[in-house]
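Colleague: Dropping the sequence and predicted coords here.
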Amino acid sequence: LSSGQSCAISESPAQGIGFQVWRAAGALCHHLALEASDLTGRKVLELGAGCGLVGICCGHLGADVTLTDQASVLPILRHNVQQNELPAESPGSLRVHALHWGCDVSQELPLPREGFDLIVGSDLTYFEHLHEALLLTLLQLVRSPGTEVLLAHTRRREEFERWLDRFEVFFETRLLREIPALQTVPLGSADEGAACKGGPAADDSATIAIYSLRLRGTELLSEQELDQMLMERNDQSQLLARLAMLESDIATIEAEEEEEGELDSASK
């Protein structure tokens, strides 16, 4: 970090990709450290925080940070926040909340009256099937061009660029920085050389791109249209849940029929 401090990040890769630190998170931390003077006192939200590296770095750089992820990830996220407690004299703060993309954000998250100044995230576009839910979440959180979104995106395959087509309908996107494949990602400022200690889960074979997104204009999407999108998303989620339950029921029936068939064969 720019202050010369270090942070210790615990990981649990066996639990899934959300429980480890990826190279894009380090790249975004480095970018933010270079702009540290702009973070003091700013309201920052991290989406898909995972182990919390980016949000914790923002807090140590003086920001008032809310770190979010789905409920299953919160234990390790809270653990990392607790073991990287901010100094008493720090103007920053760290808090953790559950947030599920595509849901009504106002029902899950305490929102600042004037909104967030900055929203950050790393490798949020990894799964294409989540692009729509992520976009819907951002459209609820970003209601004015004054809020900036910073996304660190790993360019693994051509398909990973499809998110830009969807997001550019509502957001002006600007490429801020590219970190080539195999290049080391420093986690502190160039002057201080501080490191963030945590087990590496790097994808060194891909370039990392850092984008800035700003809303094109509030007139592009009315509150009524946003509410309609939420309703449609909720209907889709309920349908998927019912399909999942149906698949589970069919699997149970098939297993029972197979068991009955084996019993009949044994009794003959």
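Modeller: Thanks, I have the structure now.
Colleague: Return the set of buried residues in the one helix or strand H97 maps to.
Modeller: Here H97, judged by DSSP states H and E, is contained in strand 93-98. For strand 93-98, the neighbour count (16 or more other Cβ atoms under 10 Å) marks 94, 96-97 as buried. C-betas here are computed from N, CA, C, even on glycine.
Colleague: List the pairing partners of the helix or strand following that strand within its sheet, with orientation.
Modeller: Going down the chain from strand 93-98, the next helix or strand is strand 118-122, by DSSP H and E. On the basis of DSSP bridges, the sheet neighbours of strand 118-122 come out as strand 43-46 (parallel), strand 148-155 (parallel).
Colleague: Please write out the alpha-carbon positions of the next helix or strand after the last one in CSV.
Modeller: Scanning the chain past strand 148-155 towards its C-terminal end, the next helix or strand to appear is helix 162-167 (assignment: DSSP H and E). Presented in CSV, the C-alpha positions along helix 162-167 are these (Å, rounded to 0.1, in the frame of the first residue of the first chain):
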residue,chain,number,x,y,z
ARG,A,162,-19.0,-9.6,-25.0
TRP,A,163,-19.8,-7.9,-21.8
LEU,A,164,-18.6,-4.6,-23.4
ASP,A,165,-21.3,-4.8,-26.0
ARG,A,166,-24.1,-5.0,-23.3
PHE,A,167,-22.6,-2.5,-21.0
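Colleague: still on that earlier bit, same for the strand holding H97, what does it pack against?
Modeller: Applying 3 or more Cβ pairs under 8 Å, 6 or more residues apart in numbering; DSSP states H and E, one finds that strand 93-98 makes contact with helix 53-60, strand 64-69, helix 74-83.
Colleague: Lowest average pLDDT across the strands paired with strand 118-122?
Modeller: Ranked by mean pLDDT, these bottom out at strand 148-155, which scores a mean of 93.
Colleague: Give me the angle between that one and helix 53-60.
Modeller: Angle of strand 148-155 versus helix 53-60, following axes from the mean of the first three to the mean of the last three Cα atoms, to 10 degrees, is 150 degrees.
Colleague: What residues sit buried inside strand 148-155?
Modeller: Within strand 148-155, the residues that qualify as buried are 148-154, counting by 16+ other Cβ under 10 Å.
Colleague: for those, which one is nearest V54?
Modeller: Taking Cβ to Cβ as the measure, V54 lies nearest A152 of the buried residues of strand 148-155, at 8.1 Å.
Colleague: how much space is there between the closest one and E178?
Modeller: Distance, A152 to E178, by Cβ to Cβ, to the nearest Å: 11 Å.
Colleague: Between those two, which contacts overlap?
Modeller: Counting by Cβ atoms under 8 Å, 6 or more residues apart in numbering, the common neighbours of A152 and E178 are 208-210.
Colleague: which ones among the residues you listed are found in strands?
Modeller: 208-210 (DSSP state E).
Colleague: one step back: please identify which of the helices and strands packed on strand 93-98 is closest to D104.
Modeller: Of the helices and strands packed on strand 93-98, nearest to D104 by Cβ to Cβ is strand 64-69, at 14.2 Å.
Colleague: Give the other helices and strands that the closest one contacts.
Modeller: strand 43-46, helix 53-60, helix 74-83, strand 93-98.
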